[in-house]
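In: Below: sequence and its predicted model.
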Amino acid sequence: MTTYITKEEVLEQSRIILNKSLYEIMPSDQIEEIERKIYEYKNQRKGYLGELIEWYVFGKKPDGLSQADFNIAGVELKATPLKKHKNNIYASKERLVFSMINYEEIVKETWEKSSFLKKNKVILLMFYLWIQSQSILDYEFKYIHLLDLLNDLSDEDVFQIQKDWEYIVEKIKRGEAHLLSEGDTYYLGACTKAANSRVVRDQPMNRTLAKPRAFSFKQQYINYLIQTKLLKRKTSTDSIFKKQRRIETIESVVKEKFALFINKTDEEILKKLNSNLGKKSKSYKRLIVNQILGVKSNNIEELEKANITLKVVTLEYNGRLKESISFPFFKYKDLVNELWYDEENENMAELHLQLETKKFMFVVFQKVKGSDDIILRKTMFWNFPMKDISKARDVWEKTVDFVSSGKIVKEIVLDKKGKEKRITYFPGMSFNGVVHVRPHGSNSRDVNILPVADLLTGQKSYTKQCFWLNAGYIQQAIENDKDQA
DNA sequence: GCATGATCATGC
DNA sequence: GCATGATCATGC
C-alpha cells in the first residue's frame, strides 16, 4: 500500500478520479466481482462507495464492509452526492454526515479536545454527481476540495460551529438526547442516523432511549461551501456580520441589533434609524426589519446557510396571533408516495424534513389598540420541538390516508349567495392544535393533480393544500420564550 | 371569537 | 408565471 505523508499528497492522489467515475479507473477484470458485491450490499452501497474509493483511488486494501475510518494521513475522506438543479446548478443532494455521536462519551469532552474535531479537522470533500438508479461505479466525480475546518472557514463560522457543538452536548447533559433535532443548531447539526427506526440508544442522565444521531453539516451550509470555496463565487447575499467588533453567534448579533428597538413603535424605530420609510411601502414591516439588521435585500447569508426562515408576525393588541404559518404546498402524488421516515434511503417525508431541519427567526410586532402603530416586541429563534413531532405525524398520516383513498371532498354546501363551498376531510385547525391542512393557492381553481380521483365529485385534481403550523401553537411558543420581555 | 375555505399581493 | 407571504369572508 502506498503511504501518504502529507495532506497535499492525499489531495494530489485524489485527483486521478476527478471528472471520472470508478468504472473508468478500476481494472476491468474486477468489475464483474465488484458489481456482484454492490448488488449484495443493497442499501449499504454508499458505505461501499467509500471503500471502493479507498481501494481504487488510494490503494488502501479493503477489509470488508466495515465502519472503519475513512481516514488517510489525518485527512477524513468524504464522498458525497451532488444533484443537478433545473437551472444546471450543482447543489448538495443531502447533508454532509460526520461520525456518530457517542452520548455516553461526548458529555466528558470539550470542543477543543473533542473527538469530532480530532477526526474532522481536515476533510477531503469528494463530490460526485448522483443520478437516480445509476450504479455507484458510474458516478462522475465533479469537485474535490481539501477543507481545513479551523483555517479555511471564517472565524464567525468556526465560532458558530463550536457553539452548535456545545449546544448539542449541553442538551445531552440535560438528559434530552431523545429531543435533539437538526433544527436546534445553525451549521453543525445532530441528524438521525440508523438502519431503522427501531434502533435506539441509551443516553446518560435519562433512561429514555434516544435515536442514534451523527454530527452533520446542514445541506444549506454545504451548498454555501460549494458556491464559495469550490466555485469561488462571490455570494450575492447580504451579511449581518458587517462591522462587528468581535466574533459572535448569529443569535447574539441579531439580539444586539434589535436591542435598541424593543418595545418601540414603528415610528420611533424609523426615527432612530433616520429612515423615511413610508407606511405604505410594500412589505413595510419586513423593510423595517431589514433596516434594523443593516441589510438591503431579503437574502441574508447567515440565515440561508443555517436554513433559517425569517418571519415577521404581528400580534393583535390583546396578544393573540391570528395567522398560521404555511409550508410549501404539497403535490398530492408525491405526498402519497412518501414515508414518514424512509429507512432504506434515509429520506424523510417533506413535512418531517421541514420540521426537523428548519429554524425560524420570528420578529414579533404587536398592534396598538385604537391606533395604526405597531410595537416591536421581540425577536426569537425557534424550531419545532421534537416532543410534538408525533402530533405532526398524525396530521401527515391522516392526510396521506385520505388522499390515497380518494377521500377529499366530504360535502358540498351552498352559502347565502348560492356559491358552492367544499368541505374536505383534511385534518383542520382543531384536529390537534399543532399542525393542520388548509388550501394555499391563488384561488380554488389553482389545483394539483390527485393520485386517485375524488370519490364524491370524481374530479381528478383539487385545490392546492399545504401543512400549516397552527397560529395558536406559535403564539404559545412566543409566550413561552422567556428570553425577552 | 374562532375555524375554515378562499383569495389577494408581492417578489423572484 | 408561480410560490408563498399576507389577509379576507363566511358561518357557527
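Out: Everything's here; your move. Numbers count the residues shown, from 1 in each chain, chains lettered A, B, ... in the order given.

In: Poorly predicted segments of chain A, please.
Out: Residues of chain A that meet the criterion pLDDT under 70 lie in A:1-2, A:4, A:43, A:62-70, A:195, A:483-485.

In: quick one, phi/psi of the most centrally placed residue in it?
Out: Centre of chain A computed as the mean C-alpha position; nearest residue by C-alpha atoms, centre = their mean is residue A:357, 3.5 Å away. Residue A:357 adopts backbone torsions of phi -110, psi -20, taken as degrees, to the nearest 10.

In: does it really touch residue A:307, like I thought?
Out: Yes. Using C-beta atoms under 8 Å, residue A:357 makes contact with residue A:307 at a distance of 5.8 Å. C-beta here means a position set from N, CA and C on the backbone, and glycine is covered the same way.

In: Doesn't residue A:365 lie inside a strand?
Out: Yes. Per DSSP: H, G, I helix; E, B strand; the rest coil, residue A:365 lies within a strand segment.

In: Tell me the spacing between it and DNA strand C.
Out: Distance of residue A:365 to DNA strand C, given as C-beta to the nearest atom of the strand, to the nearest Å: 10 Å.

In: Kindly report the same for residue A:229.
Out: Distance of residue A:229 to DNA strand C, computed by C-beta to the nearest atom of the strand: 27 Å.

In: Skip the chain neighbours and tell me the closest residue to that residue.
Out: residue A:145 (6.1 Å; C-beta to C-beta, 6 or more residues apart in numbering).

In: how about the residues of the stretch 201-350 of chain A near DNA strand C?
Out: Contact residues (C-beta under 7 Å from any atom of the strand) of the stretch 201-350 of chain A with DNA strand C: A:283, A:285-286, A:309, A:311-314, A:323, A:325-326, A:328-329.

In: elements contacting the helix or strand encompassing the residue nearest to residue A:229?
Out: In the assignment (DSSP states H and E), residue A:145 maps to strand A:140-148. On a contact count with 3 or more C-beta pairs under 8 Å, 6 or more residues apart in numbering; DSSP states H and E, strand A:140-148 meets helix A:7-14, strand A:75-84, strand A:122-129.

In: hang on, the earlier thing: which residues touch the residue nearest to the centre of chain A?
Out: Contact analysis of residue A:357 by C-beta atoms under 8 Å, 6 or more residues apart in numbering lists A:182-183, A:189, A:218-219, A:307.

In: So which of those residues wins on neighbours?
Out: Among these, residue A:189 has the most neighbours (other C-beta atoms under 10 Å), with 27 neighbours.

In: That one against residue A:219, yeah?
Out: No. If you go by C-beta under 8 Å, residue A:189 and residue A:219 don't touch, sitting 9.5 Å apart.

In: list the residues that contact both of the two?
Out: Common contacts of residue A:189 and residue A:219 (C-beta under 8 Å, 6+ apart): A:95, A:357.

In: So residue A:233 sits against residue A:227, correct?
Out: Yes. Assessed by C-beta under 8 Å, residue A:233 is found in contact with residue A:227 at 4.9 Å.

In: Compare the two and say which is more crowded by neighbours.
Out: Neighbours were tallied for residue A:233 and for residue A:227 using other C-beta under 10 Å; the higher tally belongs to residue A:227 (19 against 10).

In: I'd say the more buried one and residue A:235 touch.
Out: Yes. With contact defined as C-beta under 8 Å, residue A:227 reaches residue A:235; the gap is 6.5 Å.

In: quick one: residue A:422 from residue A:439, how far?
Out: Distance of residue A:422 to residue A:439, given as C-beta to C-beta, to the nearest Å: 9 Å.

In: what do the two both touch?
Out: Both residue A:422 and residue A:439 are contacted by residue A:463, under the criterion C-beta under 8 Å, 6+ apart.

In: Which residues does the helix or strand harbouring residue A:477 contact?
Out: Residue A:477 is part of helix A:471-480 when elements are defined by DSSP H and E. Contacts of helix A:471-480 with the rest of the structure, by C-beta under 8 Å, 6+ apart, involve A:313, A:315, A:319-325, A:362, A:364, A:378, A:380, A:382, A:433-435.

In: Does DNA strand C have contacts with that helix?
Out: No. Using C-beta under 7 Å from any atom of the strand, helix A:471-480 stays clear of DNA strand C, with a minimum separation of 8.5 Å.

In: Taking the stretch 251-400 of chain A, what residue is nearest to DNA strand B?
Out: Residue of the stretch 251-400 of chain A nearest DNA strand B, by C-beta to the nearest atom of the strand: residue A:282 (3.4 Å).

In: So that residue: helix, strand or coil?
Out: Put simply, residue A:282 is coil when judged by three-state DSSP.

In: which residues do residue A:357 and residue A:307 both contact?
Out: The contact sets of residue A:357 and residue A:307 overlap at A:183, A:218-219 (C-beta under 8 Å, 6+ apart).

In: okay, those in CSV with secondary structure next?
Out: Below are the shared contacts of residue A:357 and residue A:307 laid out as CSV (three-state DSSP):
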residue, secondary structure
A:183, helix
A:218, coil
A:219, helix
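
In: which one of those residues sits closest to DNA strand B?
Out: residue A:219 (18.9 Å).

In: Now do the contacts for the closest one.
Out: For residue A:219, the contact set (C-beta under 8 Å, 6+ apart) comprises A:92, A:94-95, A:307, A:357.

In: Now it. Nearest residue, chain neighbours left out?
Out: Going by C-beta to C-beta, 6+ apart, residue A:219 has residue A:95 as its nearest residue, at 4.9 Å.

In: That neighbour against residue A:220, yeah?
Out: No. With contact defined as C-beta under 8 Å, residue A:95 does not count as touching residue A:220 (9.1 Å).

In: At the contact with DNA strand B, which residues of chain A appear?
Out: For chain A, the contact set with DNA strand B under C-beta under 7 Å from any atom of the strand comprises A:282-283, A:297-299, A:320, A:324, A:421-424, A:426, A:428-431, A:436, A:438-446, A:463, A:471-472.

In: Count the neighbours of whichever residue of the stretch 1-150 of chain A sits closest to DNA strand B for me.
Out: Nearest residue of the stretch 1-150 of chain A to DNA strand B (C-beta to the nearest atom of the strand) works out as residue A:87 at 11.1 Å. By other C-beta under 10 Å, the residues close to residue A:87 number 5.

In: Could you pull out the helices in the stretch 201-350 of chain A for me?
Out: A:219-225, A:250-259, A:266-272, A:284-293, A:301-305, A:332-337, A:350-357 (DSSP state H, counting those that start in this stretch).

In: mind putting these in a markdown table, distance to residue A:108 included?
Out: Below are the helices of the stretch 201-350 of chain A laid out as a markdown table (distance: least, C-beta to C-beta, whole Å):
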| stretch | distance to residue A:108 |
| --- | --- |
| helix A:219-225 | 27 |
| helix A:250-259 | 26 |
| helix A:266-272 | 47 |
| helix A:284-293 | 39 |
| helix A:301-305 | 30 |
| helix A:332-337 | 44 |
| helix A:350-357 | 27 |
